[in-house]
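Engineer: Below is the structure, and that's it, no one-letter string:
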């Protein structure tokens, strides 16, 4: 179990914020999506090779937990890891941290299904993908703590 890998950084700009003065929900999703694409790349799925492979990982479920609001100027980073490896899916955990304060801003758990692009159906995870994902498996106690 290797722990978290950094998959993104950013700053909260005024256009990320809503009428309440903190980052709006849509932008949390956007930052987490950036992290998810970087994690997919680490696992061997890039926009360039997806069609060569004939398969990719597709999102089946998102669960976001908002912990501490982020305001204009907040510097954030996304860290990602694998929470669970199933037969046809991976459960990925991403956390957003304020880099200046160290405070946890939000987490998201994304269930991604291995998907055959020709047949348009889910398929069992290949062994090499399970092995790559296993290298980024998070400690179960840490996953439970963030749930």
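Structural biologist: Cool, got the structure. Owing to the predicted nature of the structure, the values given are computational and were not obtained by experimental measurement.
Engineer: and the residue nearest the centre of the chain, what does it touch?
Structural biologist: Taking C-alpha atoms, centre = their mean, the centroid of the chain lies closest to residue 36, which sits 3.7 Å from it. The neighbourhood of residue 36, defined by C-beta atoms under 8 Å, 6 or more residues apart in numbering, consists of 7, 59, 80, 92, 94, 110, 112. Heads up, the C-betas are built off the backbone N, CA and C, glycines and all.
Engineer: Would you agree it falls within a strand?
Structural biologist: No: Residue 36: not assigned to a strand; according to DSSP: H, G, I helix; E, B strand; the rest coil it is helix.
Engineer: gap between it and residue 119?
Structural biologist: 23 Å (C-beta to C-beta, to the nearest Å).
Engineer: out of the contacts of residue 36, which are buried?
Structural biologist: With burial judged by 16 or more other C-beta atoms under 10 Å, the buried subset of the contacts of residue 36 is 7, 80, 92, 94, 110, 112.
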